[in-house]
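Participant: Sequence isn't available, so here's the structure alone:
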């Protein structure tokens, strides 16, 4: 049976993988983490497009039927390019998060945190403008958070201090909802919630993305049924390090993690 392909610059996309696994237990899932080139958020648009094309080409070789760009940077800067290049459906993580934030916000003052590339792309601003122009959006780039997650510094005092510093402008804007605009960030959710305040609702796009994935596959009659899904994990560097971190996050043993060579035809 064909699989769903999920890719990210590193380990953060496992937040999306986990939600898709819960919602679609019969689906075969293939995860690709481009750990050799993480983070994407500091790269140019042209480089991000090239990396994303190489990621998708690798997954297409694995006979996938649907693809999720579980990376906000790719979703912001490369998704239109990828949609033109591919003959299977592909979705990103931005629009599901925006829709959920609009639904939950009480004062229409919504914050977005992300990599520098995601924030500078204005992709969230454009999505809000299209879905609800009345929303006030306040964005903050947080470039140090992805390296913290990749290093496994999820509860260190330094992580809280850095997060707190980033959030000072957002707190002044009196937001009531905050989009975690990078799939790495939910792994820091406890620190983020403490730094932004308990009254602010955090939006993790992973669950909303999984729900849209289910809906799309159902509409296209592509759902697998009556089987237990099989999972494969590929990374471009340090398979053992990824497996150890991934098991801590997923809270279960991971199947064998394989090395992916994106330069292979």
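Facilitator: Here it is on my side, so go on. The model shown is predicted, which means the values in this text are computed figures rather than measured ones. Numbering: from 1, shown residues only.
Participant: Quick check: buried residues in stretch 24-35?
Facilitator: 24, 27-35 (16 or more other Cβ atoms under 10 Å). The way it works is simple: take the backbone N, C-alpha and C, and place the C-beta from them, glycine included.
Participant: need those residues in JSON lines with distance to residue 172 and pLDDT, can you?
Facilitator: Converted to JSON lines, the buried residues of stretch 24-35 look like this (distance: Cβ to Cβ, whole Å; pLDDT from 0 to 100):
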{"residue": "24", "distance to residue 172": "41", "pLDDT": "96"}
{"residue": "27", "distance to residue 172": "43", "pLDDT": "96"}
{"residue": "28", "distance to residue 172": "47", "pLDDT": "96"}
{"residue": "29", "distance to residue 172": "41", "pLDDT": "97"}
{"residue": "30", "distance to residue 172": "43", "pLDDT": "98"}
{"residue": "31", "distance to residue 172": "38", "pLDDT": "98"}
{"residue": "32", "distance to residue 172": "39", "pLDDT": "98"}
{"residue": "33", "distance to residue 172": "36", "pLDDT": "97"}
{"residue": "34", "distance to residue 172": "36", "pLDDT": "97"}
{"residue": "35", "distance to residue 172": "36", "pLDDT": "95"}
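Participant: Out of those, the closest to residue 2 would be?
Facilitator: residue 28 (7.1 Å; Cβ to Cβ).
Participant: burial count for residue 22?
Facilitator: By other Cβ atoms under 10 Å, 11 other residues sit near residue 22.
Participant: what do you get for residue 208?
Facilitator: Neighbour tally, residue 208, other Cβ under 10 Å: 20.
Participant: cool, and residue 68?
Facilitator: Counted with other Cβ under 10 Å, residue 68 comes out at 30.
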